[in-house]
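1. Predicted model, plus sequence, below.
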Amino acid sequence: MVTKLHIITNESIELDDFCDHIEQNFDLSDRQQFLAAAPALRKLANNKELFRRAALQTLKAALDPDGFNIAPAYMILNDHRPSKFTVRANLWPALRPGAWQETRDIFSYDLKHDHTFTFLTANYFGPGYTTKVWVNPHAGLQAMKIGDIADLQYQGEFQLCDDTLLFFERFTDVHIQLPPVADSVSLNLVLRDPEETMYPQHAFETDSGKVVAYPNGSPLKNKLIFARLLATSDDPELADVLDWAAHKETSRVHREALLSAKDQILARAA
Amino acid sequence: MNYIPDEWRAEVPLICSAIERIEPLSTLDDAYEAGIPELLADISKSCEHQRIVRRVARQWFEEPKWFESMNSVPGNIVLGQARCGNVLAIAFSLGFNRTRPRVSIPIDTLMTALSPHGLKVNVSPLCGSTDFELPDPTLRVLAREEKTCAQHESIGLRCGTVFDYADTDSMVLKVELINRTPLRFHFDAIDGHYLGASLSGPADSQLLAFITSLRTTGTPDMAQVLMGYARHPSHWVRWETVKTIAELDTDLALQAIRGMVDDPHPEIRHAAAKTLEGA
């Protein structure tokens, strides 16, 4: 269940001081301790230099004429120091009349989805976004298949603003992000967990809990899609490759997908 | 550029030949004239593609790092890229999501069905002006027409066509040609009305979204760095960048606009001249 926290402070903190404070005082794998880090994140969100520095760095780094390559949805702020958590600034552009349509997809607006990581978020710039939230009470560390139906329970609509922070738990909290009325930036404190790459993010049908896609680029998502793609073949020798891959695979979901692909190929070849 | 390792080449001579044959082509018509559908059919019948798919699958499953380094769905196995930008790839079609907006393809594309059940796509003609330099708000997409082809046969799609794969997953051999539209058009999935446009390259679109958002989130010291983006290859990015600079530093924006009276794109030259008239 998304947790809403009200914190008001005018204090500000430097990024390195924030990182030291979190590293020394909080075990973010513990829910209560993660929530207790909220006042520090709010202070960091009062540091108006952060975004300027990160945006300038991003612009300069991407200025190679062969690249001009920017992923604008978020900028990681603490990648200069190894850590068990990530601090990132997320852009949330308003949709202007005649806006480029890609904006909607890049920023996952109107897409009902969960997350593979747990995070705390604070508003940094602008009015902040609004989000509709559902809870998936039976979510766990598992990958749902396309077409599976989750029992999502509507929790309500939340507005991220300067005195409100939101805490999202991985897989359990599902939401639709609505475009803000004016450009906004949020700051996220994200718990890094090696397990997060083992499971795909899920996108759900807007009006139900039906899984319709794996929207992010997790390795497991790539493997599941690749297995589905290989299943279109009629090459019996490829079935042998899939069988070999399935027997050395540790993920149950991926193993089942590989064996299913193998069966489809053999059925077609026969 | 040939993506097939040298040690694999002897096993796939037809594919290597196809990479060379697509080199001088620009459009779908060129591909038909050069007999590319027949060549792709020969590859499909020879099963050369199966050798590639097996080798790639074995390599990817052997080393999990392959999947970790992918940003998105491994929907294409690129076999070769001509110097002009034409691409030969083994591609996979997945049944489409009926609720997402429908988008026009920005490049001429030829697809040959490799799967035994053939290939089924839905193609929709556009109604309205197709002047791709000037998005027309009355543009809309008409109802889907189903096109099918049997295994080894081809379907050609001209740039600007709105299409999606039908529900059945398929494997195809695909040639993408350099003839392209600068924009992709987005349409509502249900009633087909025009939603707007995006740049034909996703990387350019992302860059544009970032630069546009700096009009409100940026600071004046970003304007000087943004001047570098006023030389971007996409004229849409160049012009939108100048609009962002104008929000951050008017003097610098004027300097950028003065430099654009000699811009390679006529619309930018025109817009720059008009802006300077009013300045």
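-> Ah, there it is. Numbering: from 1, shown residues only, chains lettered A, B, ... in the order given.
2. for chain A, what's the longest helix?
-> helix A:252-269 (DSSP state H).
3. Report how many residues lie close to A:Ser29.
-> Neighbour count of A:Ser29, defined by other C-beta atoms under 10 Å in any protein chain shown: 11. Every residue, glycine included, has its C-beta placed from N, CA and C.
4. surely it meets A:Leu191?
-> Yes - between A:Ser29 and A:Leu191 there is a contact at 6.7 Å, judged by C-beta atoms under 8 Å.
5. Ramachandran angles for B:Ile77?
-> phi -110, psi 100 (degrees, to the nearest 10).
6. Give me the number of neighbouring residues for it.
-> 20.
7. For the closest residue to chain A within chain B, the count of nearby residues, please.
-> Per C-beta to the nearest C-beta, B:Phe210 is where chain B lies closest to chain A, at 3.2 Å. Here the count is done by other C-beta under 10 Å, and B:Phe210 has 24 residues near it.
8. near chain B, which residues of the stretch 101-250 of chain A?
-> A:101-103, A:106-107, A:125-126, A:182-183, A:185, A:197, A:205-206, A:212-213, A:217, A:219-223, A:225-226, A:228-235, A:237-238, A:241-242, A:244-245, A:248 (C-beta under 8 Å from any C-beta of the partner chain).
9. Return the subset of the residues you listed lying in helices.
-> Using DSSP H, these in helices are A:102-103, A:106, A:219-223, A:225-226, A:228-230, A:237-238, A:241-242, A:244-245, A:248.
10. Drop the exposed ones from those residues and show what's left.
-> Buried members of those, scored by 16 or more other C-beta atoms under 10 Å in any protein chain shown, are A:102-103, A:106, A:219-223, A:225-226, A:228-230, A:238, A:241-242, A:244-245.
11. Sketch out the low-pLDDT regions of the chain for me.
-> As the question left the chain open, I've gone with chain A. For chain A, applying pLDDT under 70 flags the ranges A:65-72, A:96-105, A:141-142, A:195-198, A:216-218.
12. Chain B, not that one
-> Within chain B, the ranges that satisfy pLDDT under 70 run B:1-2, B:68-75, B:94-100, B:129-136, B:167, B:279.
13. Strands along that one, start to end?
-> For chain B, applying DSSP state E gives strands covering B:76-81, B:87-93, B:102-103, B:107-113, B:119-124, B:126-127, B:140-141, B:145-149, B:154-157, B:162-165, B:170-180, B:183-187, B:194-199.
14. Adjacent strands (with direction) for the second one?
-> Neighbouring strands of strand B:87-93 in its sheet, by DSSP bridges, are strand B:76-81 (antiparallel), strand B:170-180 (antiparallel).
15. residues making contact with that strand?
-> Residues from elsewhere that reach strand B:87-93, judged by C-beta atoms under 8 Å, 6 or more residues apart in numbering or on different chains: A:229, A:232, B:15, B:18-19, B:22, B:49, B:52-53, B:75-81, B:111, B:114, B:119, B:121, B:165, B:169-176.
16. got the angle between that strand and strand B:119-124?
-> If you take axes from the mean of the first three to the mean of the last three C-alpha atoms, to 10 degrees, strand B:87-93 sits at 90 degrees to strand B:119-124.
17. just checking, B:Arg158 touches B:Pro106?
-> No - if you go by C-beta under 8 Å, B:Arg158 and B:Pro106 don't touch, sitting 10.8 Å apart.
18. Which of those two has more residues huddled nearby?
-> Of the pair B:Arg158 and B:Pro106, B:Pro106 is the one with more neighbours under other C-beta under 10 Å, namely 21 against 17.
19. For the more buried one, which non-adjacent residue is spatially closest?
-> The spatially closest residue to B:Pro106, leaving aside those adjacent along the chain, is B:Ser200, at 3.5 Å (C-beta to C-beta, 6 or more residues apart in numbering or on different chains).
20. quick one, phi psi at the one you found?
-> Main-chain dihedrals, B:Ser200, degrees, to the nearest 10: phi -70, psi -20.
21. Contact partners for it?
-> B:Pro106, B:Ile107, B:Arg180, B:Thr181, B:Pro182, B:Leu183, B:Arg184.
22. what does B:Val141 give?
-> Applying C-beta under 8 Å, 6+ apart, the residues contacting B:Val141 are B:Arg102, B:Ser124, B:Pro125, B:Leu126, B:Cys127, B:Val162, B:Phe185, B:Phe187, B:Gly192, B:Tyr194.
23. Please report which of the residues you listed has the highest neighbour count.
-> B:Phe185 (27 neighbours).
24. Is it correct that that residue is in contact with B:Val103?
-> Yes - in this structure B:Phe185 lies within contact range of B:Val103 using C-beta under 8 Å: 7.0 Å.
25. Could you tell me which residues touch both of those two?
-> B:Val162.
26. Can you report how many residues lie near residue 78?
-> Since no chain was named, I'll use chain A. Counted with other C-beta under 10 Å, A:Asn78 comes out at 17.
27. let's do chain B instead
-> 16.
28. Distance-wise, check it relative to A:Thr3.
-> Going from B:Val78 to A:Thr3 by C-beta to C-beta, to the nearest Å gives 45 Å.
29. A:Leu165 now?
-> With distances taken as C-beta to C-beta, A:Leu165 is found 9 Å from A:Thr3.
30. For those two, work out which one has more neighbours and name it.
-> Neighbour totals were compared for A:Leu165 and A:Thr3, and A:Leu165 leads with 26 against 15 (other C-beta under 10 Å).
31. Wait, the more buried one touches A:Ala40, no?
-> No - if you go by C-beta under 8 Å, A:Leu165 and A:Ala40 don't touch, sitting 10.7 Å apart.
32. Run through the bridge partners of B:Leu199.
-> Beta-bridge partners recorded for B:Leu199 (DSSP bridges): B:Leu183.
33. what about it, how many residues close to it?
-> Close neighbours of B:Leu199, defined as other C-beta under 10 Å, add up to 23.
34. Tell me where chain B has helices.
-> Using DSSP H, helices in chain B cover B:6-9, B:13-21, B:28-33, B:36-46, B:48-62, B:65-68, B:202-217, B:222-226, B:235-248, B:250-259, B:266-278.
35. A:Leu15 is nearest to which of these?
-> Proximity to A:Leu15, assessed across the helices of chain B by C-beta to C-beta, is greatest for helix B:202-217 (17.7 Å).
36. for chain A, what are the nearby residues on the stretch 151-279 of chain B?
-> Counting by C-beta under 8 Å from any C-beta, the stretch 151-279 of chain B sits next to chain A at B:169-171, B:186, B:195-199, B:202-210, B:212-219, B:221-222, B:225-226, B:228-229, B:231-233, B:237.
37. thinking again about what came up before, what's the closest of the contacts of B:Ser200 to A:Lys84?
-> For those, the nearest to A:Lys84 is B:Arg184 (40.1 Å; C-beta to C-beta).
38. Span of stretch A:36-51 from start to end?
-> End-to-end distance of stretch A:36-51 (C-alpha to C-alpha, to the nearest Å): 24 Å.
39. thinking again about what came up before, among the residues of the stretch 151-279 of chain B next to chain A, name the buried ones.
-> Those of these that meet the buried threshold are B:169-171, B:186, B:195-199, B:204-210, B:212-219, B:222, B:225-226, B:228-229, B:232, B:237, by 16+ other C-beta under 10 Å.
40. Contacts only, for A:Leu160.
-> A:Thr121, A:Ala122, A:Asn123, A:Gly128, A:Tyr129, A:Thr130, A:Thr131, A:Leu166, A:Ser184, A:Ser186.
41. farthest pair in those?
-> Within these, A:Ala122 and A:Thr130 form the most distant pair, 15.3 Å apart (C-beta to C-beta).
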